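Participant: what follows is a predicted structure for the sequence shown.
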Amino acid sequence: MLRVAVVRFPGSNCDEDAYRAVQLAGAEAHYVWHRDPSLDGADVALLPGGFSYGDYLRAGAIARFSPVMAAVQKHADAGGVVIGICNGFQILCEAHLLPGALMRNDRLTFVSRPVACIVEQTDTPLTCALRQGARVSLPVAHGDGRYVADPATLAELESEGRVVLRYAGGANPNGSLNDIAGISNAARNVVGIMPHPERAIERLLGNSDGADFFTSIMRWPAERMPADALATSDQTRP
Amino acid sequence: MKYQVRVRVMPRGGLLDPQGQAVEHALGALGFAGADEVRIGRAIELALDAGSSDEAEKLARAMCDRLLANPVTEDYELAVEGR
């Protein structure tokens, strides 16, 4: 069964939602603490939303040096799937697993509401169960969500089809360049998005547009998902 | 020897600084009509053990590059003095 490690940092607050969304999609979820040296044999590392280390210094700046991030880095380098949602996206940018940075929203307000987004790329482990061009409504909840990168990086993201999710025309809630809501790395195994699909998985609660993002993780081909190769050796550490 | 390190981190020129803009508007509302180009950064101070001032500056620069400033969005300036 597909195993997803939900990484908990001090200040994570979407960890339980992410855990549940993973389970509802049919995968096995387990928590990994930020001090753990390994992902415990996971196929996927999921960095959930929240305010790790109180967003001190910059959002994600301190969490990025947690012991578990060395395991996340190795997992990503080996081609393993790494997903970051909201604060998880900020951490992945701070860790340079994704390019660019997430800065203070342009109108200085914390935005917490559903936002229309367009699925731009479906060749990623977070969107392969969606239709390219699909319009979805996803909750956002962030104060530092304005995606910025230098012009060369932006051009590269666009030309290589690495803008995975974009705010729909006129719906950009934070001033992100090119309306970027989510991106991938060049190898497409690392994906970060600001909106919260894990908060939109239940029709009963009014919106299930996020469910397909977790179904995508399940559908990503096994040969593109090498498991945490270092788990065994890490577990034998004293 | 102990050195006093002062780091000044500023948002890179050209990037939108919404905090600076909001403060600029507030200054205008208070009647300080001549104030503009307000930008808001961060000051960090720390005491550092190092063998020489050069070594202290090198260490402080490494701290800035790795943690204290974000190379994508921020520039920093350092001042190191013995104490």
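Facilitator: Yes, it's here. Numbering: from 1, shown residues only, chains lettered A, B, ... in the order given.

Participant: burial of residue 18, as a residue count?
Facilitator: Picking chain A for this. Other residues lying near residue A:18 total 29 when counted by other CB atoms under 10 Å in any protein chain shown. C-betas here are computed from N, CA, C, even on glycine.

Participant: sorry, I should have been clearer: chain B.
Facilitator: Neighbour tally, residue B:18, other CB under 10 Å: 19.

Participant: which bits of chain B sit near chain A?
Facilitator: For chain B, the residues in contact with chain A (CB under 8 Å from any CB of the partner chain) are B:11, B:15-16, B:18-19, B:22, B:67-68, B:70, B:72-73.

Participant: possible to save the residues you listed as a markdown table with secondary structure and distance to residue A:56?
Facilitator: Listed next are these as a markdown table, based on DSSP: H, G, I helix; E, B strand; the rest coil; distance: CB to CB, whole Å:
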| residue | secondary structure | distance to residue A:56 |
| --- | --- | --- |
| B:11 | strand | 17 |
| B:15 | coil | 21 |
| B:16 | coil | 22 |
| B:18 | helix | 19 |
| B:19 | helix | 16 |
| B:22 | helix | 21 |
| B:67 | helix | 11 |
| B:68 | helix | 12 |
| B:70 | coil | 13 |
| B:72 | coil | 18 |
| B:73 | coil | 16 |
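
Participant: how about these, which pair is most distant?
Facilitator: Greatest spatial distance among the residues of chain B next to chain A (CB to CB): B:22 and B:67, at 26.8 Å.

Participant: quick check: bridge partners of residue B:49?
Facilitator: residue B:2 (DSSP bridges).

Participant: give the contact list for it.
Facilitator: Contact analysis of residue B:49 by CB atoms under 8 Å, 6 or more residues apart in numbering or on different chains lists B:1-3.

Participant: state the distance from it to chain A.
Facilitator: Look at residue B:49 and chain A: by CB to the nearest CB, to the nearest Å, they are 21 Å apart.

Participant: can you map out the strands along chain B?
Facilitator: B:2-11, B:42-49, B:74-82 (DSSP state E).

Participant: let me redo that: chain A
Facilitator: Going by DSSP E, chain A shows strands at A:3-8, A:28-33, A:44-47, A:81-85, A:101-103, A:111-119, A:135-142, A:146-148, A:163-167, A:180-184, A:190-193.

Participant: ok, back up a step: let me know the closest of the contacts of residue B:49 to chain A.
Facilitator: Using CB to the nearest CB, residue B:3 is the member of the contacts of residue B:49 that lies nearest chain A, at 21.3 Å.

Participant: for the nearest residue to that closest one once chain neighbours are set aside, give me the pLDDT.
Facilitator: Closest residue to residue B:3 apart from its sequence neighbours, by CB to CB, 6 or more residues apart in numbering or on different chains: residue B:56 at 3.9 Å. The score at residue B:56 is 96. That number is its pLDDT.

Participant: residue B:14 too?
Facilitator: Residue B:14 carries a pLDDT score of 87 in this model.

Participant: ditto for the one 5 residues further on
Facilitator: Per-residue confidence (pLDDT) for residue B:19: 93.

Participant: let's have the strands of chain B in JSON lines, adding mean pLDDT.
Facilitator: JSON lines is the format used below for the strands of chain B (pLDDT from 0 to 100):
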{"stretch": "strand B:2-11", "mean pLDDT": "97"}
{"stretch": "strand B:42-49", "mean pLDDT": "97"}
{"stretch": "strand B:74-82", "mean pLDDT": "96"}
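
Participant: would you mind finding the most buried of these?
Facilitator: Between those, strand B:2-11 has the highest mean count of neighbours, a mean of 18, where neighbours are mean count of other CB atoms under 10 Å in any protein chain shown.

Participant: for that strand, packing partners?
Facilitator: strand B:42-49, helix B:53-63, strand B:74-82 (3 or more CB pairs under 8 Å, 6 or more residues apart in numbering or on different chains; DSSP states H and E).

Participant: one step back: in ChimeraX, select just the buried ones from the residues of chain B next to chain A.
Facilitator: Of these, the buried ones can be selected in ChimeraX as follows, counting by 16 or more other CB atoms under 10 Å in any protein chain shown:
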select /B:11,15,18,67,68,70,72,73
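
Participant: look through chain B and state the residue closest to chain A.
Facilitator: For chain B, CB to the nearest CB, closest residue to chain A: residue B:72, 4.2 Å.

Participant: for that residue, which non-adjacent residue is closest in space?
Facilitator: According to CB to CB, 6+ apart, the nearest residue to residue B:72 is residue A:101 (4.2 Å).

Participant: measure that neighbour to residue B:41 for me?
Facilitator: Using CB to CB, to the nearest Å, residue A:101 is found at 15 Å from residue B:41.

Participant: now residue A:139
Facilitator: Taking CB to CB, one finds residue A:139 at 32 Å from residue B:41.

Participant: next, count neighbours for residue A:70.
Facilitator: Counted with other CB under 10 Å, residue A:70 comes out at 15.

Participant: done for today, thanks.
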